[in-house]
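Colleague: let's see this in three dimensions:
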Amino acid sequence: MSPTRRWFAVLAVKSRLMRSGNGALPLSCLFSPRRRRIGLAARPWRRIDAATVFSPAAFHHGTVSLMLLGGTFLVEPTSLGVAVAETLLPAYSAPVTLRLSALSDRNMLAIRAPESVVGYSHSPMDSVSADTRHNYEVECRLADLLRSASASERRSMYANVYDEFFREARNFVLPVDPREIARQVRLATRFLPENGRYLEIGAGTCAVASQIALSAAIAYAVEVSAEIVPPNVGVEVLLSDGVTIPVDPESVDLVYSNQLMEHLHPEDASEQVRNIIKALALGGKYVCATPNRLTGPHDVSRYFGDTARGFHLCEYSLGDLRRLFLEAGFRDVRVAVALGGEVVLLVRGDLYAAVESVLARLPRSVRRRQPVRKFLNPGPVVAYR
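Modeller: Okay, the predicted model is just below:
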């Protein structure tokens, strides 16, 4: 049997294993069938869209095995930017775009993205890329400076620390995923009144703020570093010391932040929330999306341990956020249960926090699995002035 025919024959066997639910398919087997034995122990898998942009945060750490319902597939190596045969995740902050290319063999189902459905599972990672380890060491060093600094010192440090990280990091690119941007735009506009005034903290590339600016009366983007913001973003960019909200009192209707709160020192987070209240008009809202510490860590530390040591200076549970917002002066806090950026339910914060406190007693490994993980990360927290 020729090597090509033998390769397809091995894929056909793996396809049957997947259809029977008896095994998961490591990507390395696709590119080198003799490299690994087919695992017969069934792994838990999760449903995702074939064209999904993966962030390593979805996997915590480890190699990734992918399964296609009803068949097998190839992954274009150029879309990953890493050695696909090793199935290693790339640098922790760069999302992985999997573009599926179906095999047309008679034993395999022809699949076209993005309509198809795949599943994934993960196993512990033996090693990480040199770039990831380098970025981790740089991030930990700079984060320790922030943790040990006084409140007055931190006012000038946030911008300098992030500027230095972007200069020293290797192959670090802020992800710009159109689908994720669209999801955030739908989520934010759900709480923005018609012709409302919008402010985003930690706007990054301003991709979300620039789209919302098309329908908002005015849109502000607040950042600590000018290095992050590209030119000509179409919104008014305001530089902050990490705590201040440099707008007039009661001048905005919605404040939005995504993956920001965890980057602040806890003392600075409390002060920033108080400044947010001052910036909001009466009846305004603060929509805060941040990963739940009960399923963390969610920064680069997840590749190296169970404690956040990088730029996630303090991760929060939903109950933590509720207490923080109420102590700062917000009158009510709700948890938004969102699917694809669409808010399907607003739950009282005290009720959600009560259930969360019960789930917090579960082992970390259980909290990281679905459906517990999804319950603990349902969507943003919405605070009402």
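
Colleague: only the buried residues of stretch 330-348, if you could.
Modeller: 330, 333-338, 341, 343, 347 (16 or more other Cβ atoms under 10 Å). Just so you know, the C-beta spots here come from the backbone N, C-alpha and C atoms, and that holds for glycine as well.

Colleague: closest one of these to S156?
Modeller: Comparing the buried residues of stretch 330-348 against S156 with Cβ to Cβ places F330 closest, at 28.6 Å.

Colleague: can you verify that closest one is assigned to a strand?
Modeller: No - F330 is assigned coil when assessed by DSSP: H, G, I helix; E, B strand; the rest coil, not a strand.

Colleague: that one reaches A383, doesn't it?
Modeller: Yes - with contact defined as Cβ atoms under 8 Å, F330 reaches A383; the gap is 4.1 Å.

Colleague: what do the two both touch?
Modeller: Residues within reach of F330 and of A383 at once, by Cβ atoms under 8 Å, 6 or more residues apart in numbering, are Y286.

Colleague: still on that earlier bit, between the buried residues of stretch 330-348, which sits nearest D253?
Modeller: F330 (14.8 Å).

Colleague: which ones are touching that closest one?
Modeller: So F330 contacts 273, 277, 286, 383-385 (Cβ under 8 Å, 6+ apart).

Colleague: now these as a markdown table including neighbour count and secondary structure?
Modeller: Compiled in a markdown table, the contacts of F330 are given as follows (neighbours: other Cβ atoms under 10 Å; DSSP: H, G, I helix; E, B strand; the rest coil):
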| residue | neighbour count | secondary structure |
| --- | --- | --- |
| V273 | 24 | helix |
| I277 | 20 | helix |
| Y286 | 27 | strand |
| A383 | 28 | strand |
| Y384 | 15 | strand |
| R385 | 21 | coil |
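
Colleague: just flag the most distant two among those residues.
Modeller: V273 and Y384 (13.1 Å).

Colleague: tabulate the contacts of F330 (CSV), appending distance to L318 and pLDDT.
Modeller: Formatted as CSV, these follow (distance: Cβ to Cβ, whole Å; pLDDT from 0 to 100):
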residue, distance to L318, pLDDT
V273, 15, 97
I277, 19, 97
Y286, 14, 98
A383, 12, 97
Y384, 16, 97
R385, 19, 95
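
Colleague: from Q370, how far off is V335?
Modeller: 18 Å (Cβ to Cβ, to the nearest Å).

Colleague: how about low-confidence regions in the stretch 51-200 of the chain?
Modeller: For the stretch 51-200 of the chain, residues meeting the criterion pLDDT under 70 lie at 51-128, 174-176.

Colleague: can you tell me the element V382 falls in?
Modeller: Element membership for V382, per DSSP states H and E: strand 381-384.

Colleague: meant to ask about P246
Modeller: Using DSSP H and E, no helix or strand contains P246.

Colleague: pLDDT score assigned to it?
Modeller: We note a pLDDT of 94 for P246 in this prediction.

Colleague: helices along this protein, start to end?
Modeller: 3-20, 27-31, 130-148, 151-168, 178-189, 207-212, 266-279, 318-328, 349-359, 364-367, 372-376 (DSSP state H).

Colleague: now distance to V252 too, for those, in CSV please.
Modeller: Formatted as CSV, those follow (distance: least, Cβ to Cβ, whole Å):
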stretch, distance to V252
helix 3-20, 51
helix 27-31, 46
helix 130-148, 27
helix 151-168, 21
helix 178-189, 12
helix 207-212, 12
helix 266-279, 5
helix 318-328, 16
helix 349-359, 22
helix 364-367, 35
helix 372-376, 29
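
Colleague: now do the domain split for the chain, please.
Modeller: Using automatic domain parsing, the domains assigned to the chain come out as 3-123, 152-384.

Colleague: which of the helices of the chain is buried the deepest?
Modeller: Ranked by mean neighbour count, the helices of the chain are led by helix 207-212 with a mean of 22 (mean count of other Cβ atoms under 10 Å).

Colleague: export stretch 277-289 to CSV, keeping only CA atoms.
Modeller: Provided in CSV are the C-alpha atoms of stretch 277-289 (Å, rounded to 0.1, in the frame of the first residue of the first chain):
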residue,chain,number,x,y,z
ILE,A,277,-20.5,56.6,39.0
LYS,A,278,-19.6,60.3,38.8
ALA,A,279,-19.3,60.1,35.0
LEU,A,280,-22.7,58.4,34.5
ALA,A,281,-25.9,60.4,34.2
LEU,A,282,-28.8,59.5,36.5
GLY,A,283,-30.2,56.2,35.3
GLY,A,284,-27.0,55.3,33.5
LYS,A,285,-25.4,51.9,33.4
TYR,A,286,-22.0,50.3,33.7
VAL,A,287,-21.6,47.1,31.8
CYS,A,288,-18.6,45.2,33.0
ALA,A,289,-17.4,42.0,31.4
